[in-house]
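Trainee: predicted structure and sequence below. I'll ask about it afterward.
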Amino acid sequence: MTIEPLRIIFMGTPEFAAATLRALLTGPDQVVAVVSQPDRAKGRGKKVSPTPVKMVAEAAGIPVLQPEKIKTEEFRNGLQSYQPDLIVVAAYGRILPPSILQLAPMGCINVHGSLLPKYRGAAPIQWAVIRSESESGVTIIQMNEGMDTGDMLLKAKIAIDPRETAGSLMEKLAPLGGETLLKAIKGLKNGTIVPIPQDHSQATMAPMLNKDDGRIDWTKSAKEIESLIRGLDPWPSAFCFVGEHRLRLFCPEVVYRDNSSQPGTVLQADRRGILVACGKNALLIHELQPEGKKRMTAEAFCCGHSLDLGVVFGR
């Protein structure tokens, strides 16, 4: 049983991880250092911005390390100098080498955004929505050298709303992850948590997404496309083409009606939305973002753009 406050090193990068760090800072243990990915240029202006985790750490006066390479003796020794009891990882963005996994006496634990063993990998939240799951959650695991294959310490579930996007689900899972992490650490300290091996035969993968994953195939069913659009909102977002112009689509609604039109055909375009024929049923789009412009309602789009009925959206 460990009574004294633990010395913890936290490793994470995006907003999901920042929420975990905020929760950790409310607990009884001491975050002695934070590791985050190097600051990168982003957005249209390519402005270099600090990571969300770095901003939280600096506001709390915690030292921040942002190495370009983590498999070096210098970085390993730098971590060791903080004498951590435990390393907590949440969406750090890199696979940790054995030299770091074995550095702290209590090892490394990870906050993963799925109900493991389902959706191992870099984009579990997005894939849960894309595959029309009815529930999601977070799992706290002991890290090993595999991809999210370690023993489970604690799980917490939530329902996925039928209109959920990856962004809205992330906003729900982020605080749940922090809350569940604190319970797991408390359980580790007082010896009430018994690690449970994952059933590897039930594992599914959630690979990293790229922009091309958002390309819409209108021959698929309206339900499949609807889930894809929600799962890729806000990034990388689902898209199609009108002529040579890319059009990003948001806020989809399945319309259950038979039609014999070519998949991708625009059946309706007015203030109610843009109705598009799919391989099965049709999809009503309520928000769009033309190339180089801001996201807007279908009504605003129809007021400012010419979209003839019968035109076919391309891939």
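Mentor: Sure, I can see it.
Trainee: how about L275, secondary structure?
Mentor: With DSSP: H, G, I helix; E, B strand; the rest coil as the basis, L275 sits in strand.
Trainee: list the contacts for it?
Mentor: Listed by CB atoms under 8 Å, 6 or more residues apart in numbering, the contact set of L275 reads 255, 266-269, 282-285. Bear in mind the C-beta positions are built from the backbone N, C-alpha and C, glycine included.
Trainee: let's have these in TSV, adding distance to T219 and pLDDT.
Mentor: Listed next are the contacts of L275 as TSV, based on distance: CB to CB, whole Å; pLDDT from 0 to 100:
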residue	distance to T219	pLDDT
V255	17	97
V266	16	96
L267	16	96
Q268	20	94
A269	21	94
A282	13	97
L283	13	97
L284	18	97
I285	17	97
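Trainee: closest to G78 out of the residues you listed?
Mentor: Checking the contacts of L275 against G78 by CB to CB gives I285 as the nearest, at 50.0 Å.
Trainee: okay, now the closest one: neighbour count?
Mentor: 24 (other CB atoms under 10 Å).
Trainee: cool, and F313?
Mentor: Neighbours of F313 using other CB under 10 Å come to 22.
Trainee: how far away is it from G177?
Mentor: F313 is 37 Å from G177, where distance means CB to CB, to the nearest Å.
Trainee: list just the nearest of the contacts of L275 to T192.
Mentor: Nearest member of these to T192, counting by CB to CB, is L283, at 48.7 Å.
Trainee: looks like that closest one contacts A222 (just checking).
Mentor: Yes - the criterion here is CB atoms under 8 Å, and L283 meets it with A222 at 4.5 Å.
Trainee: are there residues contacting both of those two? Which ones?
Mentor: 254-255.
Trainee: how about the helices in the stretch 1-150 of the chain?
Mentor: 15-25, 52-59, 73-80, 98-101, 124-130 (DSSP state H, counting those that start in this stretch).
Trainee: D199: which of the ones you listed is closest?
Mentor: Per CB to CB, nearest to D199 of these: helix 124-130, 16.7 Å.
Trainee: re earlier: ok, and which of the helices of the stretch 1-150 of the chain has the densest surroundings?
Mentor: A comparison of the helices of the stretch 1-150 of the chain by mean neighbour count, using mean count of other CB atoms under 10 Å, puts helix 124-130 on top with a mean of 25.
Trainee: can you find the helix or strand of this protein with the lowest average pLDDT?
Mentor: strand 40-42 (a mean of 84; mean pLDDT, DSSP states H and E).
Trainee: which neighbouring elements make contact with that one?
Mentor: Here strand 40-42 touches strand 47-49, going by 3 or more CB pairs under 8 Å, 6 or more residues apart in numbering; DSSP states H and E.
Trainee: list the contacts of the strand it packs on.
Mentor: 39-43.
Trainee: what does stretch 115-132 give?
Mentor: Under CB under 8 Å, 6+ apart, the answer for stretch 115-132 is 16, 112-114, 135-139, 141, 147-149, 152, 155, 157, 160, 164-166, 169-170, 173, 198-200, 202-209, 223, 227-228, 230-232.
Trainee: among those, name the ones in strands.
Mentor: Among those, the residues falling in strands (DSSP state E) are 112, 135-139, 141, 152, 155, 157.
Trainee: beta partners of Q142?
Mentor: I109 (DSSP bridges).
Trainee: residue numbering should commence at 38 henceforth.
Mentor: Sure thing, new numbering starts at 38, so read that last one as Q179.
Trainee: ok, it to L225 distance?
Mentor: 9 Å.
Trainee: equivalent analysis for S173, please.
Mentor: 24 Å.
Trainee: who has more neighbours, these two?
Mentor: S173 (26 against 22).
Trainee: ignoring the adjacent residues along the chain, who's closest to that one?
Mentor: A165 (4.6 Å; CB to CB, 6 or more residues apart in numbering).
Trainee: check what pLDDT that neighbour gets.
Mentor: What the model reports as pLDDT for A165 is 98.
Trainee: with K331 instead?
Mentor: pLDDT at K331 comes out at 93.
Trainee: now do the contacts for it.
Mentor: Going by CB under 8 Å, 6+ apart, the list of residues near K331 is empty.
Trainee: could you do E52 as well?
Mentor: 89, 207, 211.
Trainee: check L133 too.
Mentor: Neighbours of L133 in contact, by CB under 8 Å, 6+ apart: 48, 107, 126, 145, 180.
Trainee: would you turn those residues into JSON lines with distance to P273?
Mentor: Compiled in JSON lines, the contacts of L133 are given as follows (distance: CB to CB, whole Å):
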{"residue": "M48", "distance to P273": "25"}
{"residue": "I107", "distance to P273": "26"}
{"residue": "V126", "distance to P273": "24"}
{"residue": "C145", "distance to P273": "29"}
{"residue": "M180", "distance to P273": "27"}
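Trainee: now name the helix or strand holding G347.
Mentor: Applying DSSP states H and E as the criterion places G347 outside every helix and strand.
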